[in-house]
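Visitor: this one's sequence-less:
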């Protein structure tokens, strides 16, 4: 009863799957009616997509959310992960830059999935995780790496992480624990 009126004047909105191995935010068109397993945010600003997609927010959501299932997948509980999250105060130049990065991130993933219909976001982020861990990318993972242009995906996320850290006035290389301590202090 609240979400449909909130989405009424938006051409797109940000959504994430409630329970998923990787915390991925993306734009959905207003013609997509969400079901009960999507967390819907009535935001159409790509700068906020960047902030939500940053390691800063992902770390917060992993610490604040819960866990479910055999794979112990993280659950994004909006009242714990989104509502109390201390968003940065963005300057106009930061908002413009983060908007462009958010649009680039969303477009990149969607473009690669259109070009490769069997390619999933989970596959892309599994390979990204391996790449960041320094693992060798071979076999099926190499195919996913090539189809998803995972090197570009990594660069986009690295740029988002740096820009969001800058928006908070923080160094980009903070540990997960330091990020959480700083967010709790802001909250």
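Guide: Arrived safely. What you see is a predicted model, and the numbers here were worked out from it, not measured in a lab.

Visitor: got a list of contacts for stretch 54-68?
Guide: Residues from elsewhere that reach stretch 54-68 (CB atoms under 8 Å, 6 or more residues apart in numbering): 19, 23, 51, 73-77, 80-82, 84-85, 157, 160-161, 164-165, 168, 176, 179-180, 183. Just so you know, the C-beta spots here come from the backbone N, C-alpha and C atoms, and that holds for glycine as well.

Visitor: So for it, mean pLDDT?
Guide: When pLDDT is averaged over stretch 54-68, the result is 95.

Visitor: how about it: buried residues?
Guide: Going by neighbour count (16 or more other CB atoms under 10 Å), the buried part of stretch 54-68 is 54-65.

Visitor: would you turn those into a markdown table with distance to residue 97 and secondary structure?
Guide: Below are those laid out as a markdown table (distance: CB to CB, whole Å; DSSP: H, G, I helix; E, B strand; the rest coil):
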| residue | distance to residue 97 | secondary structure |
| --- | --- | --- |
| 54 | 13 | coil |
| 55 | 17 | helix |
| 56 | 16 | helix |
| 57 | 17 | helix |
| 58 | 19 | helix |
| 59 | 21 | helix |
| 60 | 21 | helix |
| 61 | 23 | helix |
| 62 | 25 | helix |
| 63 | 27 | helix |
| 64 | 27 | helix |
| 65 | 28 | coil |
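
Visitor: Quantify the burial of residue 72 by counting its neighbouring residues.
Guide: Using other CB atoms under 10 Å, residue 72 is surrounded by 8 other residues.

Visitor: remind me which residues of this protein are low pLDDT?
Guide: Within the chain, the stretches with pLDDT under 70 are 1.

Visitor: show me where it has strands.
Guide: 12-17, 26-29, 38-41, 66-68, 73-75 (DSSP state E).

Visitor: Looking at those strands, which is nearest to residue 95?
Guide: strand 12-17 (15.4 Å; CB to CB).

Visitor: Off-centre distance for that closest one?
Guide: 10 Å (CA atoms, centre = their mean, to the nearest Å).

Visitor: That strand packs against which elements?
Guide: Secondary-structure packing of strand 12-17 (3 or more CB pairs under 8 Å, 6 or more residues apart in numbering; DSSP states H and E): strand 26-29, strand 38-41, helix 46-53.

Visitor: Return the most buried member of the ones you listed.
Guide: helix 46-53 (a mean of 25; mean count of other CB atoms under 10 Å).

Visitor: Adding distance to residue 114, write the strands of the chain out as TSV.
Guide: Shown next, in TSV, are those (distance: least, CB to CB, whole Å):
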stretch	distance to residue 114
strand 12-17	17
strand 26-29	13
strand 38-41	21
strand 66-68	31
strand 73-75	26
